[in-house]
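Below are the sequence and a predicted model; questions follow.
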Amino acid sequence: MDTRLILVVTVVVVALAFDFLNGFHDAANSIATIVSTRVLSPRAAVLLAAVCNFSAAFFLETKVAATIGHDIVHSQFLDPYMVMFGLMAAIIWDLLTWWWGLPTSSSHAIFGGFAGAAVAKAGWVALKPQGIYKVVPYIVIAPFIGFVLGRGMIVLIHYLFRHFSPRRVDHIFRRGQLVSASIFSFSHGMNDAQKTMGIILALLISANYYPVSTGVHSRVPLWIILSCNTAIGLGTYFGGWRIVKTLGMRLTKLHPVQGFCAETGGGATIVFLSLLGIPLSTTHTITGAIVGAGSVHRWSAVRWGIARNIVWAWVLTIPCSAIIGALLEWAFRPVIHK
């Protein structure tokens, strides 16, 4: 086995480790509401989320992967080491924010780490503007759409079920949450697993194992799809309970009907934007939907101090992971070439 192939295999393993960590870090996205409303036990909830995460592999829609693999960094500047540094930056940031209990975006961490390593290697010319336009604006747009859908759905349901007793509404939507949680978990696997697919795609392009000329609409190899969805599903199963506590239990108190609206609104947002090839943050989206659903009765139902900390983590994710990626590039590139 030649040195280049060993390097590529090593980076693929690191990419799958990041994918596992993505599921571990973002388990709260899929299960926070259904656990906080006590519809399912934590163990049953993570099993449901993991199965739905993996099932997204069979949807075989890979536009998000194409965005990450083709549209962030110009192919002539790619190399396996740069991809490795970007992955390591995202992993470091994910571990830090997991320890702090902050539901930050693994999607933005990988974008920031990847972009930071590229800029450190070749300057700003390495980045493609179209990729930046597909990521940065949705830091605001995705949670806003989630907020509007979550709030709009709860208002509509309150109107449609206004003559039902609270007990009956609670009974209906406790069952409904099984459907809505499955929808959101599927959308999570559909969008987030594709980011790692895109990174592996960029790696194969950089090592000349995948032709650039195939274009952004080419199919990602099946082995990449299955391995990435398996890794994120396993990560979700082993879940990150620090973040579940912040997102599902401290941000606002949810009832089953609110959990249903948050999960359905967030899931619909993610599926729609995924079909457009947007590598958005599932964390941001579900947080916006939870705030929208939880704020219908009164704005004070949302603990805005915690929400403010989450927003700060959102704002800092791309620049901090980019700085880490750049530092890794600057620190280890000279060592590699000695």
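That came through fine.

now the helices for the stretch 201-338 of the chain?
Counting by DSSP state H, counting those that start in this stretch, the stretch 201-338 of the chain has these helices, from start to end: 222-238, 241-244, 256-275, 282-294, 304-336.

okay, and for the stretch 201-338 of the chain, where does confidence drop off?
For the stretch 201-338 of the chain, residues meeting the criterion pLDDT under 70 lie at 211-218, 239-254, 296-311, 337-338.

go with 50
214-217, 246-251, 301 (pLDDT under 50).

so who does the closest residue to Gly288 other than its chain neighbours touch?
If the residues on either side of it in the chain are set aside, Gly288 comes closest to Pro143, at 3.0 Å by Cβ to Cβ, 6 or more residues apart in numbering. (Each C-beta comes from the backbone N, C-alpha and C, glycine too.) Under the criterion of Cβ atoms under 8 Å, 6 or more residues apart in numbering, the contact list for Pro143 reads 281, 284-285, 287-289.

Restrict the helix or strand harbouring Pro143 to CA atoms and write it as PDB.
Taking DSSP states H and E as the definition, one finds Pro143 inside helix 138-160. Output of helix 138-160 as PDB, limited to C-alpha atoms (Å, rounded to 0.1, in the frame of the first residue of the first chain):
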ATOM      1  CA  TYR A 138     -28.500  30.400   6.500                       C
ATOM      2  CA  ILE A 139     -27.000  31.000  10.000                       C
ATOM      3  CA  VAL A 140     -29.900  33.400  10.200                       C
ATOM      4  CA  ILE A 141     -32.400  32.200   7.600                       C
ATOM      5  CA  ALA A 142     -32.700  28.500   8.800                       C
ATOM      6  CA  PRO A 143     -33.500  29.200  12.500                       C
ATOM      7  CA  PHE A 144     -35.900  32.000  11.400                       C
ATOM      8  CA  ILE A 145     -37.800  29.600   9.100                       C
ATOM      9  CA  GLY A 146     -37.800  27.100  11.900                       C
ATOM     10  CA  PHE A 147     -39.100  29.700  14.300                       C
ATOM     11  CA  VAL A 148     -41.900  30.800  11.900                       C
ATOM     12  CA  LEU A 149     -43.000  27.300  11.100                       C
ATOM     13  CA  GLY A 150     -42.900  26.200  14.800                       C
ATOM     14  CA  ARG A 151     -44.900  29.200  15.900                       C
ATOM     15  CA  GLY A 152     -47.200  29.100  13.000                       C
ATOM     16  CA  MET A 153     -48.000  25.400  13.500                       C
ATOM     17  CA  ILE A 154     -48.800  25.800  17.200                       C
ATOM     18  CA  VAL A 155     -51.100  28.700  16.500                       C
ATOM     19  CA  LEU A 156     -52.900  26.700  13.800                       C
ATOM     20  CA  ILE A 157     -53.200  23.600  16.000                       C
ATOM     21  CA  HIS A 158     -54.600  25.700  18.900                       C
ATOM     22  CA  TYR A 159     -57.300  26.900  16.600                       C
ATOM     23  CA  LEU A 160     -58.100  23.500  15.100                       C
END
